[in-house]
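K.L.:
dropping a prediction and its sequence here:
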Amino acid sequence: MPRNLDLHPDRLLPVEPSVRALARELYASVKDLPIISPHGHTDPRWFAGNETFGNATDLLLVPDHYVFRMLYSQGVAMEDLGVRNKTVDPRAAWRLFAQAYWLFRGTPSRMWLDWVFAEAFGMGVQLCAETSDLYFDTITEMLATDSFRPRALFDRYNLEVLATTESPIDTLEHHVAIRAENGKAAGWKGRVITAYRPDPVVDPEFEGFRANLDTLTELTGEDCLTWAGYLAAHRTRRAFFKSMGATSTDHGHPTAATANLSAAEAEALFGRVIAGGCSAADAELFRAQMLTEMAGMSIDDGLVMQIHPGSFRNHNAAVFERFGRDKGADIPTRTDFVHALKPLLDKFGNDRNLSIILFTLDESAYARELAPLAGHYPCLKLGPAWWFHDSPEGMKRFRHMTTETAGFYNTVGFNDDTRAFLSIPARHDVARRIDCGFLAQLVMEHRIEDWEAAELAQDLSYNLAKKAYKL
Amino acid sequence: MPRNLDLHPDRLLPVEPSVRALARELYASVKDLPIISPHGHTDPRWFAGNETFGNATDLLLVPDHYVFRMLYSQGVAMEDLGVRNKTVDPRAAWRLFAQAYWLFRGTPSRMWLDWVFAEAFGMGVQLCAETSDLYFDTITEMLATDSFRPRALFDRYNLEVLATTESPIDTLEHHVAIRAENGKAAGWKGRVITAYRPDPVVDPEFEGFRANLDTLTELTGEDCLTWAGYLAAHRTRRAFFKSMGATSTDHGHPTAATANLSAAEAEALFGRVIAGGCSAADAELFRAQMLTEMAGMSIDDGLVMQIHPGSFRNHNAAVFERFGRDKGADIPTRTDFVHALKPLLDKFGNDRNLSIILFTLDESAYARELAPLAGHYPCLKLGPAWWFHDSPEGMKRFRHMTTETAGFYNTVGFNDDTRAFLSIPARHDVARRIDCGFLAQLVMEHRIEDWEAAELAQDLSYNLAKKAYKL
Amino acid sequence: MPRNLDLHPDRLLPVEPSVRALARELYASVKDLPIISPHGHTDPRWFAGNETFGNATDLLLVPDHYVFRMLYSQGVAMEDLGVRNKTVDPRAAWRLFAQAYWLFRGTPSRMWLDWVFAEAFGMGVQLCAETSDLYFDTITEMLATDSFRPRALFDRYNLEVLATTESPIDTLEHHVAIRAENGKAAGWKGRVITAYRPDPVVDPEFEGFRANLDTLTELTGEDCLTWAGYLAAHRTRRAFFKSMGATSTDHGHPTAATANLSAAEAEALFGRVIAGGCSAADAELFRAQMLTEMAGMSIDDGLVMQIHPGSFRNHNAAVFERFGRDKGADIPTRTDFVHALKPLLDKFGNDRNLSIILFTLDESAYARELAPLAGHYPCLKLGPAWWFHDSPEGMKRFRHMTTETAGFYNTVGFNDDTRAFLSIPARHDVARRIDCGFLAQLVMEHRIEDWEAAELAQDLSYNLAKKAYKL
């Protein structure tokens, strides 16, 4: 007989009764705050078109690399799950997932999914082989209803603002449409904004880099094969992104390297880069220089800069070749910030008009490098526990390792950074629970006072993200 | 007056009463499960000959580098403890140990030893200067009795299977003898198997490498000074090891480097290596290439591959010169897996017939590299907290840092990895206690359910090791 | 209305009631032990002259880079706080601090400062904008009284011994004066000693290195532009420092690199170094060689050697240029010990007359490198959690990550390492609380016994530091 699915009201709160009691109280005070989602990868088309989502597999399995990577690690073929394979029966794919759902025990995916199953779809039994079809049918049917259209879900989960990320060569047509809708008297008022993610035109090793420059030229009228034109095109697109609500840029680089070349050196480097076949060292140096260039533009236009370094993308060559990017095969690497950021910081580090949010996948840098850097430089803030570390233990390590040196106020609240739309409220809920537990622990150890914890709970759940991202 | 020695039934279980109550229940359900010991360094001669062990010093002090390294760090000379010194009075050596036993406070050695003293030898008082002779006499006398012979202890501690590790140039005579004994109608049925550890013929920097190749040639009839003959000899010996029960190979390399050379490049490298005096870079490259060769052979013969990288062996030059290997002077180093394993993974990473178990001494790689790798690649699993980290805190860190990304089912249960025979049940007991405490904590934080914890307790204590090592 | 300031008697003790009860008992047994402060950066002039301290800002804000770095990170200009700026109104600077005091929530600075405010100055309300002037006036007035003179505070806080650190070219005039005072029949008996910190004459990249050598020549009469004279000058100054109570040397290097050059190589290197403009590699090699030279001298004169590696000093170029050293812009870096220390250890590692205390800012080295090294080499001990890690969480991580491999007795108790005099008792209080909490946890998990915890509490609070520093 299938097991009941119940989300315990105290889940993720510390066990010790006095700490739990306080954590529960703090959590109650923040659980209904609106969600600020300043960084993520949902599809703006959803909110522009407001079409219904497809079936359970299309919504919850195929796009979620957290889920299929685990299944793949245990021998399930990705094509059988429907990844890059339209011929698979979605119900059959869902069964593969359902019968292996126990693999997720102890993982955040399990917590997010159970939240989605119980809260969004009202499932009362747990997912397993036996309940697979019940789940598939129930979810698929509900998705066909109006109350499960993207805008309805956006409103239902109290999203105050949601940022997507787009490349400079994206036309932002969906954002244009959303803003048009927003502008109608009776239109939907949901605030969906973009963020400027220039990797495809900044990283010489990105697939299609050279062609992307041509597109950028077309979009901007600037000659992007000249250094001056290329920089001007960035400025043009940044301004357009700002007009579509962007308050930030996002940079997903292999390392945190920055550079501070002279104008002549930078121009020469750009020449080598566009000539094609530049060396790995030149590619790295160009990305490094571009972070500094982007920082300079941020000082001018006020966009907050996010740096997400340290992922070895597409580590599995065969998977990349067959299935493409973002298939769960990105692996974190050791990441240096102290030497890497110095060129940029030497140039702009003391400028109070610059705001850079740093993320890492290398937790050994939290206490050693990131908290000391953010606890000194006016331009630096720490982004929350990210990606693999967007998890209960990851969040606890983040707070334990950064708070004493950086304080709470050099951090920026929570980002979900997800392409799984329904996991957004689930993820914010986890973050609020963990932060409230952490604060309750500090109070019960008499390290802060209860009224301070109450203020901090609001700040960490809502205020800091809003302020850091200028929302 | 000496203090009583009592092993508290709740030792190592979490303190919070509700968590402890559940942990106690989980532990009760697994504490009597048979022991699977798939990786260790006990001496097969013990089980082949079944001779009595010698005195207390010979059994518990001289072979245990965890113990004498601590004494050495505090100024006790190794020769006074009987290390490589047959002239020392074992009772005097034991006294040096007894009077310094307080140095071990807070260490796992203390817990294992107290377990051995109390459980195996029935000591009711603690070890200290005053009780030194009592200990020495009691233990030495008991060791002379039949119930303390190796096979009796093997049975008493419910070992279902015990793997030793041998080099390809070992004749496995003791394993032959054990299997002969196993085959007798009234013979001892204990399952002691070997594992294939080719370091002495794979690592050009190993003492006697070149002579080892000659021995390998003699044993196999293959010309091990040719690349083809050398590889064929490995295949021959692997088959022989399999016939002696081996289900795994073991590779103790300085780094996790792998390579994927062409056949011609590999052969040329082999030529440089056997010519003698090859460069450090060639030695590293050869070890790297051999991991990939071994992976290929594992796909053919099904042996599970274990990689134990990251120890700077024999760091203390003077100690190595005087006392030899394995004298407590191996020091862990920072270890990269992401770049190091890529050549092997590019070649074989998606092959479901390959199974590689990764160990590390660099805990910063748990959450950053190892859990993401094992949570994606079908061929990778994570070995348990190893060596210095085979300890209560080490095990907790392992679970906290790997579970959220790799799940439980990309890990392989517990290995003791010891040459201290009597510590085997003590070590498995610690692991079961810590895992049950961890699971109980997850339940009380409502992250998994109680019935899941009960299943997981069985899996982590018994099932996973059995399955991962194909036992 | 301002909030009351109350230091809770149980602050920092674990929350679980049984653990807290035992921790409280252990803490009660050590809280009044005298303070051993074997490593710090207070000004010996204070104790020589015994002048009153100035105002609140001069004592508590301007010299404390932990404090103004946080304010700076949030956009407060250092010059407005009075850093390198005599023209600022100290009351106005204090207000900037007071109104931003909430930034320190969750940081150790907050705990130390609240201790100083409540315990030393008897403040009953919390620091905030509203109480800023009350604080400034109260503290400033009290500082003008005799009971707040340096010697009175030294006695009041039960300092048994306090070490300062001086460069070889310091004349130690204040220490001479203190010892003269100590020698008077009715003189002050406080024990203030020096420590030998040769960085300014050992690090070719130190500001004024070459001029410092000239000063060293003048002070010693040795020709410090010859290798032999330079080494002789060190010996001479070390002897003088010893006569001023020194029992230790201190080495703050960018890395832990050591070298073991032949005499001829070392002399040639010295030649390049004093010629000026030596390469970065030569500078690093010279510092490395000097650690080994210093170790050799320590074997002769018995001074305990402290190595503090891994800080990227003066990371913020603009701040360094304007405000100089020690302005909160030193950032830790990844630090290798295993390879770095080997040359020194190969030469002296087994010498029981040598004692080296290692510190790190890279916590990933605790369990991986430092505990294994200290748990083997007779000459090595581990210094406590340092600098950014001198904090409740930092201390817990230190114990959790070092104890199992190094034990307690390869550590050396607590050092405050501060230039903020009044924070000394606050810092020792934090350390004692955290250690007692850790010990209580071990007892309640039945890993050590209560009487052992009681002994260890004394050892960690007092005995180990006294012994390790030969005080």
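P.N.:
All right, it came through fine. Numbering: from 1, shown residues only, chains lettered A, B, ... in the order given.

K.L.:
from now on I want contacts and neighbour counts done on CA atoms only, so please keep to that.
P.N.:
OK.

K.L.:
quick check, pLDDT for the residue nearest to residue A:12 when sequence neighbours are not counted.
P.N.:
Distances taken as CA to CA, 6 or more residues apart in numbering or on different chains put residue B:445 closest to residue A:12, at 5.0 Å, once the chain neighbours are dropped. Predicted confidence (pLDDT) at residue B:445: the value is 98.

K.L.:
pretty sure residue B:445 contacts residue A:17?
P.N.:
No: using CA atoms under 8 Å, residue B:445 and residue A:17 do not qualify as a contacting pair, with a distance of 11.7 Å.

K.L.:
tell me if I'm right that residue A:236 and residue A:220 touch.
P.N.:
Yes: counting by CA under 8 Å, residue A:236 touches residue A:220, with 6.8 Å between them.

K.L.:
ok so, going back, have a look at residue B:445 and residue A:17 and say which one is more surrounded.
P.N.:
Between residue B:445 and residue A:17, residue B:445 has the larger neighbour count (other CA atoms under 10 Å in any protein chain shown), namely 19 against 14.

K.L.:
who's in contact with residue A:392?
P.N.:
A:12, A:108, A:430, A:431, A:434 (CA atoms under 8 Å, 6 or more residues apart in numbering or on different chains).

K.L.:
ah, wrong one, I meant residue A:132
P.N.:
A:94, A:95, A:98, A:99.

K.L.:
that one: which element?
P.N.:
Assigned by DSSP states H and E, residue A:132 belongs to helix A:132-143.

K.L.:
chain center to that helix: distance?
P.N.:
The chain centre lies 28 Å from the centre of helix A:132-143; the measure is CA atoms, centre = their mean, to the nearest Å.

K.L.:
ok, then the element right after it?
P.N.:
Taking DSSP H and E, what comes next after helix A:132-143 is helix A:150-156.

K.L.:
tell me the SS of the residue most central in space within chain A?
P.N.:
By CA atoms, centre = their mean, chain A has its centre lying nearest to residue A:417, at 1.5 Å. Three-state call for residue A:417 (DSSP: H, G, I helix; E, B strand; the rest coil): coil.

K.L.:
show me what contacts it?
P.N.:
Applying CA under 8 Å, 6+ apart to residue A:417 gives the contacts A:39, A:40, A:41, A:386, A:387.

K.L.:
of the residues you listed, list those near chain C.
P.N.:
For chain C, no contacts are drawn from these by CA under 8 Å from any CA of the partner chain.

K.L.:
and the contacts of residue A:132 as TSV, adding neighbour count?
P.N.:
Converted to TSV, the contacts of residue A:132 look like this (neighbours: other CA atoms under 10 Å in any protein chain shown):
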residue	neighbour count
A:94	26
A:95	22
A:98	21
A:99	15
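
K.L.:
so which strand or helix has residue A:306?
P.N.:
Residue-wise, residue A:306 maps onto strand A:304-307 under DSSP H and E.

K.L.:
counting by contacts, list what that strand packs against.
P.N.:
Here strand A:304-307 touches strand A:248-251, helix A:280-301, strand A:356-358, going by 3 or more CA pairs under 8 Å, 6 or more residues apart in numbering or on different chains; DSSP states H and E.

K.L.:
okay, the ones you listed, which one's buried deepest?
P.N.:
strand A:248-251 (a mean of 25; mean count of other CA atoms under 10 Å in any protein chain shown).

K.L.:
list the helices and strands whatever helix or strand comes next after that strand packs on?
P.N.:
Counting by DSSP H and E, the element after strand A:248-251 in chain order, helix or strand, is helix A:263-274. Counting by 3+ CA pairs under 8 Å, 6+ apart, the packing neighbours recorded for helix A:263-274 are helix A:227-243, helix A:280-301.

K.L.:
7 Å instead?
P.N.:
The contact analysis (3 or more CA pairs under 7 Å, 6 or more residues apart in numbering or on different chains; DSSP states H and E) places helix A:263-274 against no helix or strand.

K.L.:
relative to helix A:280-301, how tilted is it?
P.N.:
When axes from the mean of the first three to the mean of the last three CA atoms, to 10 degrees is applied, the directions of helix A:263-274 and helix A:280-301 differ by 120 degrees.

K.L.:
what residues does helix A:263-274 touch?
P.N.:
A:204, A:210, A:225, A:227, A:278, A:283, A:286 (CA atoms under 7 Å, 6 or more residues apart in numbering or on different chains).

K.L.:
show me which of the residues you listed neighbour chain C.
P.N.:
Contacts with chain C are made by none of the contacts of helix A:263-274, judged by CA under 7 Å from any CA of the partner chain.

K.L.:
put together CSV for these, with pLDDT on each row.
P.N.:
Shown next, in CSV, are the contacts of helix A:263-274 (pLDDT from 0 to 100):
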residue, pLDDT
A:204, 97
A:210, 96
A:225, 97
A:227, 98
A:278, 92
A:283, 98
A:286, 98
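
K.L.:
need the CA coordinates for the strand holding residue A:306. PDB is fine.
P.N.:
Extracted C-alpha coordinates of strand A:304-307, given in PDB (Å, rounded to 0.1, in the frame of the first residue of the first chain):
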ATOM      1  CA  VAL A 304      24.500  44.800 -10.200                       C
ATOM      2  CA  MET A 305      27.100  42.300 -11.300                       C
ATOM      3  CA  GLN A 306      26.900  38.600 -10.500                       C
ATOM      4  CA  ILE A 307      29.900  36.300 -10.900                       C
END
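
K.L.:
partner strands of it, with direction?
P.N.:
Strand A:304-307 has the following sheet partners, assigned by DSSP bridges: strand A:248-251 (parallel), strand A:356-358 (parallel).

K.L.:
adding mean pLDDT and distance to residue B:87, write these out as CSV.
P.N.:
Shown next, in CSV, are the strands paired with strand A:304-307 (pLDDT from 0 to 100; distance: least, CA to CA, whole Å):
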stretch, mean pLDDT, distance to residue B:87
strand A:248-251, 98, 67
strand A:356-358, 98, 62
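
K.L.:
which among those is found nearest to residue A:318?
P.N.:
strand A:248-251 (25.9 Å; CA to CA).

K.L.:
run through who's touching that closest one.
P.N.:
A:195, A:196, A:197, A:198, A:199, A:303, A:304, A:305, A:306, A:307, A:308, A:469.

K.L.:
next, give phi and psi for residue A:121.
P.N.:
For residue A:121, the backbone dihedrals (degrees, to the nearest 10) come out as phi -110, psi 0.

K.L.:
quick one: contacts for it?
P.N.:
Residue A:121 neighbours (CA under 7 Å, 6+ apart): residue A:139.

K.L.:
at 6 Å what do you get?
P.N.:
If you count contacts by CA atoms under 6 Å, 6 or more residues apart in numbering or on different chains, residue A:121 has none.

K.L.:
distance-wise, check the closest residue to chain B within the stretch 351-471 of chain A relative to residue B:288.
P.N.:
Nearest residue of the stretch 351-471 of chain A to chain B, counting by CA to the nearest CA: residue A:362, 5.8 Å away. Distance of residue A:362 to residue B:288, computed by CA to CA, to the nearest Å: 25 Å.

K.L.:
likewise residue A:75?
P.N.:
To residue B:288, residue A:75 is 26 Å away according to CA to CA.

K.L.:
now swap in residue A:87 and tell me
P.N.:
41 Å.

K.L.:
out of the strands paired with strand A:304-307, which is closest to residue A:405?
P.N.:
That would be strand A:356-358 among the strands paired with strand A:304-307, by CA to CA, at 15.3 Å.
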